[in-house]
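K.L.:
here is my input; please provide its structure:
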Amino acid sequence: MRMKTKVIFAFAAFISLMNIAVSLQAQKTITGFEAPESAIKSGNKIFVSNVGGDQPNPMALDRNGFISELSADGNILQKKFNKTILNGPKGLAIIGNTLYTADINRVIGFNIKSGEQVFELDFHDAKMLNDLCSVNGKDLVVSESVSGNIYLIHIDKKSYELIGHIPGANGVTYDAGTKHLYACGMGNQMDGTGELYVMDMGVKDAAFAELPDSPVGVFDGLEMIDNDHLLVTDWHGADSTKGRFVVYDLKMHSFKTNPVDMGPADVYYDKASQIFYLPQMTKNSLLIEKLDNLK
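P.N.:
Numbers count the residues shown, from 1 in each chain. Have a look, this model is predicted:
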């Protein structure tokens with residue numbers, strides 16, 4: 001997430017994509033958050049991280065961040081689900097019965113039923129831990145946007161190791177079938193020169209490599225639509241007043257874009273229901289969209 005000014009982002013009504021026809025139908029907008037940054041779904045619950053505060057600062061240790069719990073139909077069950085203090089939580093991931101969040105300089109885990117804290121791992125030199133993804137249901141990957149470092153967290157050992165570096169590291173997502181870890185960046189100094197990268201985690205000492213003919217941008221959220229396509233959000237395209245969605249074809253090494261409002265950040269995609277969950281930070285809302293025709 002680009003952390004300089006307040007951001008506004010909205011979801012578009014249509015994505016045009018190589019051999020995929022996607023029709024988006026607006027479903028619901030839920031309000032009542034405080035700078036919501038990321039969302040994730042587990043069973044019949046939705047969890048949303050909130051940076052928090054009247055003037056949210058995603059890098060401040062200000063103790064006003066929290067995670068909200070929603071029902072599947074979007075009703076807020078608990079505005080503040082977590083039972084211990086958070087500062088500026090961003091990326092979310094779930095392993096087993098634990099909900100993890102990246103909270104600036106630490107990764108925190110909560111019992112997904114009670115909200116009680118069950119895990120904490122400090123990253124003493126980190127200034128902005130950002131996105132999270134699970135790996136094989138036992139480990140986590142977390143990005144740190146200021147340093148560009150990407151770490152693998154061993155949950156059982158409460159330890160981590162540096163596995164790579166990309167400029168302005170942000171979104172991460174893992175394909176268990178291929179053991180490929182995908183990442184996107186914002187570029188050096190968040191200057192818009194970020195690209196898409198891949199690492200084969202099945203190969204010892206592998207490094208991140210740029211995806212062929214990668215688009216360039218201030219990339220943030222990263223998800224897999226299916227086995228062959230990545231969806232990445234870009235803070236702004238050629239038109240500096242607009243953001244964009246980029247769909248990258250992993251086989252053809254080509255991409256299509258669709259303009260959206262300035263500043264699209266993290267996006268969560270539920271493949272089973274074909275629904276996107278998109279936090280809108282300065283609108284303090286969560287936008288839910290359904291893909292009707294994916295083929």
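
K.L.:
can you say which helix or strand has the residue nearest to residue 287 when sequence neighbours are not counted in it?
P.N.:
The shortest distance from residue 287 to any non-neighbouring residue, by CB to CB, 6 or more residues apart in numbering, is to residue 278 (4.5 Å). Bear in mind the C-beta positions are built from the backbone N, C-alpha and C, glycine included. Assigned by DSSP states H and E, residue 278 falls within strand 275-280.

K.L.:
same for that strand, what does it pack against?
P.N.:
Here strand 275-280 touches strand 20-31, strand 36-42, strand 45-50, strand 268-270, strand 285-291, going by 3 or more CB pairs under 8 Å, 6 or more residues apart in numbering; DSSP states H and E.

K.L.:
go with 6 Å
P.N.:
Strand 275-280 is packed against strand 36-42, strand 285-291, with contacts defined by 3 or more CB pairs under 6 Å, 6 or more residues apart in numbering; DSSP states H and E.

K.L.:
returning to what we had before: isn't the residue nearest to residue 287 right up against residue 266?
P.N.:
No. Residue 278 is beyond contact range of residue 266, at 8.0 Å (criterion: CB atoms under 6 Å).

K.L.:
higher neighbour count, these two?
P.N.:
Per other CB atoms under 10 Å, whichever of residue 278 and residue 266 has more neighbours is residue 266, with 28 against 24.

K.L.:
could I get the contacting residues of the more buried one?
P.N.:
Residue 266 makes contact with 38, 221, according to CB atoms under 6 Å, 6 or more residues apart in numbering.

K.L.:
assign a three-state SS to it, would you?
P.N.:
Following DSSP: H, G, I helix; E, B strand; the rest coil, residue 266 is assigned to coil.

K.L.:
now do it, the pLDDT please.
P.N.:
pLDDT recorded at residue 266 is 87.

K.L.:
run a quick neighbour tally on residue 251.
P.N.:
Residue 251: 10 neighbours (other CB under 10 Å).

K.L.:
likewise for residue 146?
P.N.:
By other CB under 10 Å, the residues close to residue 146 number 17.

K.L.:
verify the contact between it and residue 128 for me.
P.N.:
Yes. Residue 146 is within contact range of residue 128, at 5.1 Å (criterion: CB under 6 Å).

K.L.:
where's residue 190 relative to residue 232, distance?
P.N.:
Per CB to CB, to the nearest Å, residue 190 is found 15 Å from residue 232.

K.L.:
sorry, slip of the keys, the one I care about is residue 68.
P.N.:
Relative to residue 232, residue 68 is positioned 25 Å away (CB to CB).

K.L.:
and those two? Which one has more around it.
P.N.:
More neighbours surround residue 232 than the other of residue 68 and residue 232, with 29 against 23 (other CB under 10 Å).

K.L.:
which of the helices or strands spans that one?
P.N.:
Going by DSSP H and E, residue 232 is part of strand 229-234.

K.L.:
just checking: what are the partner strands of that strand?
P.N.:
strand 219-226 (antiparallel), strand 242-249 (antiparallel) (DSSP bridges).

K.L.:
any idea of the mean pLDDT for that strand?
P.N.:
What strand 229-234 shows for mean pLDDT is 90.

K.L.:
how about residues contacting that strand?
P.N.:
So strand 229-234 is contacted by 184, 217, 219-223, 225, 244, 246-249, 264, 267 (CB under 6 Å, 6+ apart).

K.L.:
again, but for stretch 142-151
P.N.:
When contacts are defined by CB under 6 Å, 6+ apart, stretch 142-151 is touched by residues 102, 126-132, 160, 162-170, 172.

K.L.:
isn't residue 181 right next to residue 201, touching?
P.N.:
Yes. Using CB under 6 Å, residue 181 makes contact with residue 201 at a distance of 5.2 Å.

K.L.:
higher neighbour count, these two?
P.N.:
residue 181 (23 against 20).

K.L.:
next, residue 188: phi, psi?
P.N.:
Residue 188 has phi and psi values of phi -60, psi 130 when expressed as degrees, to the nearest 10.

K.L.:
in space, what's closest to it - neighbours in sequence excluded?
P.N.:
residue 167 (4.6 Å).

K.L.:
Validate this expectation: that neighbour resides in a strand.
P.N.:
No. With three-state DSSP as the criterion, residue 167 is located in coil rather than a strand.

K.L.:
mind checking how far the residue of the chain positioned farthest from its centre is from residue 125?
P.N.:
Here the centre of the chain is the reference, and by CA atoms, centre = their mean the most remote residue is residue 204, at 26.1 Å. Distance, residue 204 to residue 125, using CB to CB: 26 Å.

K.L.:
cool, and residue 176?
P.N.:
On the measure of CB to CB, residue 176 and residue 125 end up 30 Å apart.
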